[in-house]
Structures are given as structure tokens and as C-alpha cells.
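Student: test case, fold it:
(chains A and B)
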Amino acid sequence: MCPEKTGAAAVVNKFRRLESLKSFENVYIDSICIHYAKITMSIAKPLLDYAKSLKPQKGFTQSFSAFKRLMRYHRRYPWYLAAITILAVIRSILFSLEPLYTTFIIINVIGPPTNTSLLPSYLLVIILAGIGYAISNFVLTFVHGVMSQYIVRDIRTEYYRSLQGKSFSFYDSVGVGDLTSRATVDLQLVDMFLRTWLGTVLNAVFTTIIIIVIILPINPIMTLISLASMPFIFYFTTRLWTETMPLFRNMQLIIGRLSSYIQQNIIGMKTIRIFRREKDIVDGFKDVEDIYVNTAISAGKIQSIYMPLGPAILTLGITLVYVYAGLTLGIPGSALAVAQVGDIILFARYMMRLTFPIRDASQTLGTWIAAYAGLERVLEMTDAPRSVEDLPDARDVKIEKGKLELEKVTFGYVKDRPVLTNVTFTVQPGEKIAILGATGSGKSSLIYLIPRFYDIQSGSIRIDGTDIREFKLASLRRQIGVVLQDVFLFSGTIRENIAFGKPDASTDEIVQAAKSARIHDFIESLPSGYDTPVGERGVTLSGGQKQRITIARALVGNPKILIMDDSLSFVDAKTEQEIQSAIEEATKTRTTLIIAQRFSTIKTAEKILVLENGSVAEFGTHDELIAKDGVYKRVYETQFVQKASPILEETGGS
Amino acid sequence: MSGSYGTFSTKQEEKRKRTIPDRVLIRRIYEYAQANKRNLQIGVTATIIGAFTGLAAPYMHAIAIDQIITPKNLSGFIWWIPIFAAIILGNYVFQYIQTYQMRIVGEKVVAKMRDDMMEKLQVISLRYFSEGEAGRIISRPTNDANTVRIFLRLGLTSILVDVSSILGAFAIMFYLDLRLSLLAITVLPVAIVLVWYLGKYSRAAYRRTLITTSGLTARMQEDLAGIKVTQAYAQEKETEKKFLKSQDENVKATIRAILIGSSYTPFVIALRLIGTMIILFYGVNALLAGTISLGILVAFTEYQFSYFMPLVDLVTMYDQYQSAMSAIERMFDVIDTKIEVVDAPPERSITLQ
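Tutor: Numbers count the residues shown, from 1 in each chain, chains lettered A, B, ... in the order given. I've put the predicted structure just below:
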């Protein structure tokens, strides 16, 4: 029954021995098993395997294509790009003036010959250039920052929009925590890169060019010596990049998985406590964290080797300038000799000036390493295909009666592994069909096919004779009321939650829906009535109250077709009775498909559909099926008659 | 409403001021680092020595100008080159040790804190989870841990390097020429006061971005948790509208923070230039009067760079420091949460038969 027989099964058996617990046993075990399966499967092991399977790969080409992708987002802001380029040129020129004028002071003011009258004007140029540099730097930083925020916004919006369109199967396989962390933590890394990257790259390029233009005419050999170190610096920076990038990427991937691990841990905390799996959770976490820490330290080791190399090489280069100058200073008649001490200082200072742009550029490469990993994770989801989409000729169709026909419907989450095979049945307008079946018999899958949460592989589903794929998705879904298995309310008022599917619903409509869902009186009893906030900082609602609100939510649009996954387990008798009455009232005039757990629900249904291993085993009225003497009769007799239990025994069994 | 604990896991977090003094937090972090005491000691020592060796280069250049090049005493290179090479090599080695050891310490400390949080989350009252927003609780071992990790990786070493560079540069400058040094540092108090005051606005703006970011995270978390409902009712457009509004608030707050954050650099640069001006003006006159040498003047202009930029760096680092401190406080908030129901150890539990 449970996917893993060891831990969970033992506990389940323990429960089984408790006679008093028998009544809710099956549903309870059912839901625990599902939970348990999720947790066990997501507990450390696969995560650990995943973390271990991450091999450092040199992803140069990938990184390049991600960069091109990022460029596309930049294209929407041509004016910002132009402004940044112009400001970068101005900034580089002003940045390079100070050493030149300092040297002028040394050569022309100090001399020989000494000429102090020139000093104030040189100082004035230095200070004006400095102020100009400061202002252009400020404007550049701001413009760059604004552009980065717009681009991050664009990427995130695109990501969010794509998520809105993803199908249920997508959300069945990806954790909400992971998805959120991609839009926040990962995009933050992209943001860090976007804030300064272009300015930094342009600065490095322009500053190098301007400095070469200034120093080359003074002494070509010294220029060569000064620039000789640059290729080495570039080479080691690139090594740093290519060697650490895959490690950072792995760290990013592991942290994303860890986030969803933590998320599942927090959401499933009750179940974990019940099964006393706390230690496993923490141990599993620690194992993965160890891999993470080791990866981070290896990356740190590589960084510690290459990062200080740049400045070291540069300082050596400056030393070479001193040595060369010292050896050739004042040799008469040689064009390649150094003319005066001031020139040495000029070259040395320019080399110092070059360190900053090169250092910043290598830092930008560093932020790109992290940004690339983050961007890749965001785009991975943005690009994931949406499996359910509007067909090109889809249209708005009004559902008039609510007749539902399924013909030879075959469906599977994975190709060639059908969950439902050749399902055929027809529901007349206003009829209520109760669906029974064991866990895994395809009950939920079946009802979720109607609003196209998943697309069928073959066969057809028709509403009032029109294939549901001819409907526009929004048109189809708005006309079908859905009560999902897990009751989810958004933070906001009760009114907002009930009117969720129809935000412009009148108070009358809302109250009517609440009355039908048998929740109106409760809402009225709250201090702020319909405007009472729910969720965090709001009232705490019981499971039954939540479910009745979700039923009210489904009724607001007065849908012709209603789909209910009524699997709420272990509620007390009074709540049970209230939900029952809500369901009865809600389904009176509508075509309804309901996954039933209670005999009272089954009793009021016009017809009963028994699913077994993805196929329709039996379909008919209660009396017909009893007369048929098949699965239903057996279940009915063992569960509802003998024990008078409101819970349906699993029919399939495994 | 949430009572006395777990405040950080709810929306009230945004309004809550920090209550635990920094020194308490730092001491506790230091306790966490005790497991890697050796790495920490080696790392800190290497950082300080590394910063000092980095300062030796301009001084060596001054010596080259004054004692070798100007007097044309080229044989001086015979001793100058090996010393200089040794200093560079030493600088490299110390920086290597520093980066590596400090990385080990940083990663291990954060990992340990994260483990402790995870362990605590398994035992604290379930009330904590029903009262807090899941998104905010998840934020503790993920976002907050990451902030601290980055701070320990970059911020902490920067602070050590900056402080040693500043002190080292001062020491050398005062050794070289007392009068010029005093003149050179006249702009310092002005710079510190200015950066501090502008930094206050910047910090307020930065805090605002953090709040809007966690609001955005919570919004996203809820939208995705309820995505099936949203899709079932075809309300994607409506939820998107709300999301975009929340995102716009975040974008606006961030742009404001960038504006304020970048506004003080022009002042800092202007002040540095005034400093350079003073050094050049008095330096040239002193040089002509024969009280200092050319090499020392050149070294001074270089050292002015060596203390001014780290100083600005330090002041701006304050933001990072602050956000790391709040993150650390929030993480300890989880670690310190009182257990309401203490369970018997598993071996003493009774098996139901």
C-alpha cells in the first residue's frame, strides 16, 4: 500500500491494531501514504544523488548563449545603453588625466628648471577632472542601476507569466520553494551582475585605450613592458573564470534543491512529527550541505590561487618599468632610453591606474559566474513547455446545459504509461456522478481532465457536444466549478476568496454561494463578517470551514458543471454532516463529478462510476450495481452495511 | 498577536527593530568559529600580514627613485630586486592563505548555523508553523544564511584588509614625513562624517528594499502555492496584476536605494582630490625647499590611495555588515526558539500494541 514497506508500513500497522481508530483508518493511511511517499522520495536520498551527480563541466558555450539571451533583454533599453557608453568614455578620459598632470607637475614645476607659477593651473585641471569624473561616475552608476532594475523586472515578469501558464503536471514535479527561490535568490545574482557590468567592461576597454594613446608616444619600449603583464592577467582571470564557474553553478543548483527540501520539510512538518522522521530529515540535510560546503571550499581554493595573481603580476610589471628606466635613464642619443625621472613615475602610475579597471573587470567576470548560474535556473523554468494550450481556432463557448461525454479517453502523465484507458461514459445535464476507486485508480486524473488541467492522449471529451479543446482555456475553466483536493485560501478577506473566480461578483451572489455552501451563518458570526481576513494574521479556520469556503468559491459563477475532489479526511461528525449538506445543496442542479469518500455522498448520486486500474469497472445507479453483484456490491456490503462506517474501503488493494 | 516568539517568521518582522546588540551576535558567531579555530587564526594573521606586504610596494618604489635611479646608482638594483620580489611573493602567498582559510571558516560557520536551525525546526512547537508564513520561515535557512555566507566570504576579509591597509599606510606615512602626513589626513574627519550621514539615508533606503523584497517573495510564494486554484478559475490575469504591483514597489524602492547609495561617491572623490591637492601643493614646495625627496612625494600620492579607498570601502561595507547582522539575528531567533513540547527520546517511547 505504501511505497516503502519499512518505516511507514510499521507505523501503519501499529495504527491498524488500534480498533478504535479503525473508522478513519483507510482514508488516514491513504493520505499519510501519499504524504509519506512524497516526503520519503524527497528526503535526502534523491537530493544527495543529485548533488553527487553534478559534475563540474566547462560550460563556456552555454554561458555564451545565456549571455546572448541576456543581451536580448538589454535591447529594450537602447537609450540607457547609449547613455552608459557615452558616460563611460567621459569617465575613462577624466579618470586618466590625473597621473598625466601629476607628472607635468614633477617635470615642469619641479624641473629642472623649476617653475612654480604653473602649479596652480595644473592643480586646477586635476581638481576639475576629478569633479567631472565624480559626476559622470554618479550619473553612470544611477543610469546603470535603473536599467538593471528594469531588466530584472522584465526577466521576472516573463518568468512569472510563464509559470502562470504551466500545467498541473509541471507543478506536480517542481516545488513552490524552488520556484520562488529562482525568482528571488537567483535573480538577485543576475541583478548584481547587471548593476555594473557594462560600465565596468567599457571602463576597462576605454581606459586601456586612452592610457596606451597617452604613453605610447613617450616611450614605446616602456609601453610594451607596461602592457606585457596584461595578457597574463587576462589569462589567469580567464582560468579563474572557467575553473570556478562550474562549481558555482553546482552550488547554485544544490541551494535551489535545498530550498525546496526545507520548504517541504516545513509544510510537511506535522507528518514528519507523526512519523518521527525528524532525525532523517536533519541527517539528510547535513549530507547534502556537506557536499555544498566542500564545493564552496574547492571553489575558494581555486579563487585563492588565481585571484591574488593579477595584482602580483602587475606589481612585477611596474618593477620591470623601474628597472628598465633605471638602466637606460639619460643614455644620450637613444630614442628608446628614458628621458627623465618624471616619465618613470608616469608609467608606474598609469599601470597602477590600469589595475582598477582590470580588477573590476575580473570581479565582473566573477559576478557573471554566479549570475549565469542564476539566469540559467530562471530561464530553465521560463522555457519549460506548457503542455496545455489554446488551440489556434479556440473560441469562447457558452455551456448551456452541461451534458458531458467522454469517449474512449486515454491519458497518462508519461507517454506509454496510461493512467486511464478507454474511459467512456456520458453524464446528462444536472446529473451527479459519484466516482469510487482505490488510490491510484485514476480518480483525480479523470476529473482533472474535464477543465483541461491535463490533455488527454486519445479519445475525446465533449461538453454539450463541443470538444473541450475547441474552448478557449479561460472560457472553459470559468464555466466549470472546481473544488480541489487540497483546500487553499489566499490571504485576503473571506469575500475576496469566495469571489476569487469572479472578482466583480455582487454581494448577493457571494452570500447566495455561501448559503449554498452552508458557511454563511459561520461567516456572519465573525466580527467583521465577510470582510474578515483569512490566512496569516486572520482568523484560523478549521479544515471543514475552509472546505466549505472553497465550495462557495466554486459556486459563485453559478457553473453548469461542478467537479469536486472530496477527499477531506478525518473530520468530526458534525463537520462531516455540514460538509455533506453543503455538497448536497451545491450539486442539486448541476452536472457533477464527485470523488466520493462517504456513503452519504454516494447515496445521493444519480449514478456511480467505479474505476479500477484506470478503466471503468462499473457504471450505473445504486440499484443497478447492487443487482450486478460486482465490485460495488462487495464494497457496499463490507464497508457501508456491516460496519456502518462512512468511509469507503479501498477496492483495488495492493 | 503571535506572542513572544517567532516574531521574525511573521509579517511583523518588517516592522521589528533589532534588539540584540552586535557584540552579542559577534561573540556567538565567534563561538561557532571555534570549531575551526586554527583556520581562523591562520586566516586572520595572513590577512593582516598580507595587507602590510601590499603596502610595501610604494615604499620600495620610493627607495628605487631616491637611492638608485636619481643618483644613478644602478648597482643598487642587485639588492633591490630580490627584496622586492620576496615582498611580492610574500604578498601573494599571504593572500592565498587568507582567501582559502577564511573561506573554510565562513562556509563551516554558516553550515553549522543552518544545521542547528534545521534541527530546531524539527522540534519546536507546530504553533510556530501555523503562525508564521512558510515563505518567511524558509527564508531563514536559505536567504538569510546566504547573506551571512556572502558577508563572511567577502565582507569580513575586506574589513580586515581595509583596516590593516589604513593603519599600515598611516604608519608608513608618519614614518616618512610627519608634517605632510598631518596635512594629508586633514580631510579624513570630514570624509568620515559625510559618508556616515549620507550612509544613514542609504541604509534606510536599503532596508526598505529588503522589506519590499520579502513582500515580493511572500507574494510569489502564495501565488505559486495557489496556482492550481488560480488556473482552475482562470484568474491568471488578476493575480498577475497584484504581483506586478508588488514587484513595482520593489523596483521603485531599489532604484531609490541606488540613487541614494551612489550619491555619496562624488563627495568622497572630491574629498580625496582635495587631499591629493594638499599633498601636491605642500609636497612640491617642501621638495623645492629640500625637506623631502621626490621618491617620498610620489610614495605619498600612492599611499593616499591606499588609505582613502579602503576607508570609503569600510563605510559602504556598513550596509553589508548591517544586513548580515540582521540576518544573523533572525537565524539565532530560530535557533533560540523555545521548545514547548519536549519529547521523550525515541528509545523511551512506548510502542502501541
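
Student: going forward, measure contacts and count neighbours with C-alpha atoms only.
Tutor: Will do.

Student: poorly predicted segments of chain A, please.
Tutor: A:1-47, A:52-62, A:111, A:330-339, A:359, A:536-538, A:567-573, A:640-654 (pLDDT under 70).

Student: any idea how it splits into domains?
Tutor: Split into domains by automatic domain parsing, chain A comes to A:60-383, A:401-479+A:561-573+A:591-654, A:488-558.

Student: test my guess that A:Thr114 contacts A:Ile105.
Tutor: No - between A:Thr114 and A:Ile105 there is no contact under CA atoms under 8 Å: 9.8 Å.

Student: who has more neighbours out of those two?
Tutor: Between A:Thr114 and A:Ile105, counting by other CA atoms under 10 Å in any protein chain shown, A:Ile105 is the more crowded of the two (25 against 14).

Student: other SSEs contacting the lengthiest helix in chain B?
Tutor: Criterion DSSP state H: the longest helix present in chain B is helix B:236-289. Using 3 or more CA pairs under 8 Å, 6 or more residues apart in numbering or on different chains; DSSP states H and E, the elements in contact with helix B:236-289 are helix A:119-164, helix B:178-184, helix B:187-225, helix B:294-335.

Student: can you tell me which of those comes nearest to A:Met564?
Tutor: helix B:187-225 (19.2 Å; CA to CA).

Student: now for the next helix or strand after the closest one, which elements pack on it?
Tutor: Using DSSP states H and E, the helix or strand that follows helix B:187-225 in sequence is helix B:227-232. Packing partners of helix B:227-232 (3+ CA pairs under 8 Å, 6+ apart): helix A:473-478.

Student: what are the contacting residues of stretch B:226-233?
Tutor: The contact list for stretch B:226-233, computed with CA atoms under 8 Å, 6 or more residues apart in numbering or on different chains, reads A:164, A:168, A:451, A:453, A:474, A:477-478, A:481-482, A:484, A:488-490, A:500-501, B:236, B:239.

Student: swap that for stretch B:187-206, please
Tutor: So stretch B:187-206 is in contact with B:253-254, B:256-257, B:260-261, B:264, B:268, B:271-272, B:274-275, B:312, B:315-316, B:319, going by CA under 8 Å, 6+ apart.

Student: how about that stretch as CSV, C-alpha atoms only?
Tutor: What follows is stretch B:187-206, C-alpha atoms only, in CSV (Å, rounded to 0.1, in the frame of the first residue of the first chain):
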residue,chain,number,x,y,z
VAL,B,187,40.2,65.8,5.1
LEU,B,188,39.6,62.5,6.8
PRO,B,189,37.2,63.6,9.6
VAL,B,190,35.1,65.5,7.0
ALA,B,191,35.0,62.5,4.8
ILE,B,192,34.0,60.1,7.6
VAL,B,193,31.3,62.4,8.9
LEU,B,194,29.9,63.0,5.4
VAL,B,195,29.9,59.4,4.3
TRP,B,196,28.4,58.4,7.6
TYR,B,197,25.5,60.9,7.3
LEU,B,198,24.8,60.1,3.6
GLY,B,199,25.2,56.4,4.6
LYS,B,200,22.3,56.8,7.1
TYR,B,201,19.9,57.7,4.3
SER,B,202,21.3,55.0,2.2
ARG,B,203,20.8,52.4,4.9
ALA,B,204,17.2,53.4,5.4
ALA,B,205,16.6,53.1,1.7
TYR,B,206,18.3,49.7,1.6
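
Student: from the chain's centroid, how far away is it?
Tutor: 16 Å (CA atoms, centre = their mean, to the nearest Å).

Student: ok, and for it, which residues are buried?
Tutor: B:187-188, B:191, B:194-196, B:198-200, B:202-203, B:205-206 (16 or more other CA atoms under 10 Å in any protein chain shown).

Student: same deal with stretch B:228-245?
Tutor: B:228-236, B:239-240, B:243-244.

Student: need the max-distance pair from those.
Tutor: It's B:Ala232 and B:Leu244 that sit farthest apart of the buried residues of stretch B:228-245, by CA to CA, at 20.9 Å.

Student: wait, which of the helices and strands packed on helix B:236-289 is closest to A:Phe232?
Tutor: helix B:294-335 (24.0 Å).

Student: secondary structure class for B:Lys72?
Tutor: coil (DSSP: H, G, I helix; E, B strand; the rest coil).

Student: distance check, A:Thr244 against chain B.
Tutor: 14 Å (CA to the nearest CA, to the nearest Å).

Student: am I right that that residue falls within a helix?
Tutor: Yes - assignment of A:Thr244 by three-state DSSP places it within a helix.

Student: which one is it nearest to, not counting chain neighbours?
Tutor: Using CA to CA, 6 or more residues apart in numbering or on different chains and skipping residues adjacent in sequence, the residue nearest A:Thr244 is A:Ala299, 5.5 Å away.
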